[in-house]
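K.L.:
Any chance you could fold what I've pasted below:
(one chain, ligands or ions: 2)
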Amino acid sequence: MMQLTMYIDGKWKNPSKDNKRDIINPANGEVIAEAAEGTAEDAKEAISQAKRAFQDGEWPEMAPAERAEYLYRIAAKLDENHDELTRLETLDNGKTHTEASFDVTEAADCFRYYAGLIRAPEGQAVDAPESTHTMVVHEPVGVCGLIVPWNFPLLMSVWKMAPALAAGNTVILKPSEITPVTAVKLFEIFDEAGLPDGVANLLLGHGAVVGNELATSHDVDKISFTGGTETGRAIMKSAAGNLKKISLELGGKSPNIVFQDADLDTAVDHALFGIYFGAGQVCSSGSRILVEESIHDVFVERFAERAKKITVGPGSDPASEMGPLVSEDHMNKVLSYIAKGKEEGANLVCGGNRVQTGALKDGYFVEPTAFTDTTETMRIVQEEIFGPVAVFQTFKDEQDAIRVANNTDYGLAGSVFTQDSAKALRVIKKVRAGITWVNTYHTNFNDFPWGGYKQSGIGRGLGKYGLEEFQEVKQININLQPEPTGWFSE
Ligand SMILES: NC(=O)c1ccc[n+]([C@@H]2O[C@H](COP(=O)([O-])OP(=O)(O)OC[C@H]3O[C@@H](n4cnc5c(N)ncnc54)[C@H](O)[C@@H]3O)[C@@H](O)[C@H]2O)c1
Ligand SMILES: C[N+](C)(C)CC=O
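P.N.:
Ligands and ions are numbered 1, 2, ... in the order given. As a prediction, this is how the structure comes out:
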């Protein structure tokens, strides 16, 4: 069985107390690893080493081109370990082999993207009034705590590690306590790539213990968090002590709007992908499908017909199209939302049950599920279920579609399906969300910003915006004609 330990100041480290957590394969309930459960003391040690490496170490001072070489080396090692990382991600998170393989490819690309970006620095050098020459430069923020969730364990870690390291920060990564396996593998890669001691540190353990220490510590300059909105709120409060900088990438309840003039087969296909990709455990899932009244029944019929054919199974089986939910607790939460939907009076058009047939009997599988006849105030319409549960809503016209789409506290993603390009643009511009699509769903690139409006977050990951989240901006004013100001009499 794998034994997972922390990595602090360039050394593998057991926790200060001998606490361990079983790591479970959600496809069959078997224990695949034992992970160290770090303590607040371990977190303090990681913070102090990261602070030392920032203040006294070579990393922040290193030429960007040299830092970029480390990032390219890491990307190459991610490629070399592609198959092993894919296997481990499937084992730990449950996602299908195809999904996990995509994540590993994207992770390597993300390191390459930021290696390239840091070599193309943005700044200004201008002649300002009064014989002053002014420069605007970017500098690293300092010690960064990076806290990530379980749904894309490797990729979400890399979305933060790559820009934070490129910018010259020192970092402490805290993966989800239930999916730490690929983070440990990532640190093996950092070790092989020869990152200087203390630059990248790995803390394992519970959010309320080690995560909270990162959020609270006055020696941490920045927290970049991805996870649930309630956790984000708690972190924002903890981070207030030293007014540390924060980026929050949070939950969603994203609208997928289908007009009557959309190509029906395309829209149905993307709606299925929008909600059932990753078994619905994707922050940007198209979990609310808004269909224009005139095509609602035919759309739902085709959607449900195809949803029932989705092959649910272990991610390791190439035939599986949708894997299990990540844990028994999470499966029970999703099943309780399905029960709530029925109680609230919504109509179940497909799915609704745990799948326990044959080899799936001990796994945490749930059928692709969908509800119609919902109202805007139902909990299944307003709250993030984070599972394979679609809720259908209807709208009368363009204005109504925009109103319904925006009627939640979230604002992460949204999509519009129509063959009228002017209407598509009018509507998508009014959707209050940070990531939007027209006639597609879930398309994403490392080059462009990722983040939410409203209670879906603060700040942006990826692209040049993702680098800026890990940089301070400084102005340097140089007096070209040094002489007394004459402001006060002598
Ligand atoms: N917007 C995005 O880009 C994005 C991406 C992925 C996931 N998510 C969101 O993540 C959620 C699912 O992931 P989850 O269940 O792991 O989220 P979560 O909020 O429970 O946990 C996320 C991380 O925060 C840590 N944590 C928990 N309590 C903490 C505390 N008090 N202080 C510091 N750290 C703490 C956890 O240990 C974990 O590492 C969903 O809401 C999903 O929408 C958002
Ligand atoms: C950002 N993404 C889509 C990779 C993961 C969100 O849950």
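K.L.:
What parts of the stretch 301-450 of the chain come near ligand 1?
P.N.:
With C-beta under 6 Å from any ligand atom as the criterion, the stretch 301-450 of the chain comes near ligand 1 at residues Glu384, Phe386, Leu412. Glycine gets a C-beta too; all of them are placed from N, C-alpha and C.
K.L.:
I'd guessed the first one sits against Gly252; true?
P.N.:
Which is Glu384. Yes - because the distance of 6.4 Å satisfies C-beta atoms under 8 Å, Glu384 is recorded as touching Gly252.
K.L.:
As a markdown table, the residues of the stretch 301-450 of the chain next to ligand 1 with distance to ligand 2, pLDDT and secondary structure would be great.
P.N.:
Below are these laid out as a markdown table (distance: C-beta to the nearest ligand atom, whole Å; pLDDT from 0 to 100; DSSP: H, G, I helix; E, B strand; the rest coil):
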| residue | distance to ligand 2 | pLDDT | secondary structure |
| --- | --- | --- | --- |
| Glu384 | 11 | 98 | coil |
| Phe386 | 9 | 98 | coil |
| Leu412 | 9 | 98 | coil |
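K.L.:
where does the protein come near ligand 2, residue by residue?
P.N.:
Asn151, Phe152, Leu155, Val282, Cys283, Ser284.
K.L.:
quick one: the first one from Glu106, how far?
P.N.:
For Asn151, the distance to Glu106 equals 14 Å [C-beta to C-beta, to the nearest Å].
K.L.:
neighbour count winner among these two?
P.N.:
The neighbour comparison of Asn151 against Glu106 (other C-beta atoms under 10 Å) goes to Asn151, with 22 against 19.
K.L.:
Look at that one and give its secondary structure.
P.N.:
At Asn151 the chain is in coil, as set by DSSP: H, G, I helix; E, B strand; the rest coil.
K.L.:
burial of the residue nearest to it when sequence neighbours are not counted, as a residue count?
P.N.:
Once flanking residues are discounted, Asn151 sits nearest to Gln281: 4.6 Å by C-beta to C-beta, 6 or more residues apart in numbering. The burial count assigned to Gln281 is 24, neighbours taken as other C-beta under 10 Å.
K.L.:
Name all residues that make contact with Gln281.
P.N.:
Residues counted as contacts of Gln281 (C-beta atoms under 8 Å, 6 or more residues apart in numbering) are Asn151, Leu325, Val326, His330, Phe386, Gly387.
K.L.:
I figured the third one hits Asn151, correct?
P.N.:
Read that as Val326. Yes - look at Val326 against Asn151 with C-beta under 8 Å: they come within range, at 7.0 Å.
K.L.:
Around ligand 1, pick out the residues from the stretch 1-150 of the chain.
P.N.:
Ile147, Val148, Pro149, Trp150.
K.L.:
before we move on, the earlier item: now for the residues of the chain next to ligand 2, which pair is the farthest apart?
P.N.:
The largest separation in the residues of the chain next to ligand 2, counting by C-beta to C-beta, is between Leu155 and Ser284 at 12.9 Å.
K.L.:
neighbour count winner among these two?
P.N.:
Between Leu155 and Ser284, counted using other C-beta under 10 Å, the more crowded position is Ser284 (26 against 20).
K.L.:
which residues touch the closest residue to Glu30 other than its chain neighbours?
P.N.:
Excluding the flanking residues, the one nearest Glu30 by C-beta to C-beta, 6+ apart is Ile24, at 7.0 Å. Residues near Ile24 by C-beta under 8 Å, 6+ apart: Glu30, Val31, Ile32, Ile178, Ser327, Glu328.
K.L.:
hmm, try it at 7 Å
P.N.:
Residues in contact with Ile24, defined by C-beta atoms under 7 Å, 6 or more residues apart in numbering, are Glu30, Val31, Ile32, Ser327.
K.L.:
Would you mind putting those into TSV with neighbour count alongside?
P.N.:
TSV is the format used below for the contacts of Ile24 (neighbours: other C-beta atoms under 10 Å):
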residue	neighbour count
Glu30	13
Val31	12
Ile32	15
Ser327	19
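K.L.:
Out of the residues you listed, which is nearest to Ala193?
P.N.:
Using C-beta to C-beta, Ile32 is the member of those that lies nearest Ala193, at 25.7 Å.
K.L.:
name the element the closest one belongs to?
P.N.:
strand 31-36 (DSSP states H and E).
K.L.:
Could I get the buried residue list for the next helix or strand after that strand?
P.N.:
Heading C-terminal from strand 31-36, the first helix or strand you meet, by DSSP H and E, is helix 40-56. Buried residues in helix 40-56, defined by neighbour count with 16 or more other C-beta atoms under 10 Å: Asp42, Ala43, Glu45, Ala46, Ile47, Ser48, Gln49, Ala50, Lys51, Ala53, Phe54.
K.L.:
distance of the second one from Phe395?
P.N.:
From Ala43 over to Phe395 the distance is 48 Å, taken as C-beta to C-beta.
K.L.:
Run through the residues that contact the residue nearest to Ala215 when sequence neighbours are not counted.
P.N.:
Leaving aside its chain neighbours, Ala215 sits nearest to Ser238 (3.7 Å; criterion: C-beta to C-beta, 6+ apart). For Ser238, the contacting residues are Asn212, Ala215, Thr216, by C-beta under 7 Å, 6+ apart.
K.L.:
Ok, Phe225 next?
P.N.:
The contact partners of Phe225, by C-beta under 7 Å, 6+ apart, come to Ile147, Gly232, Ile235, Leu248.
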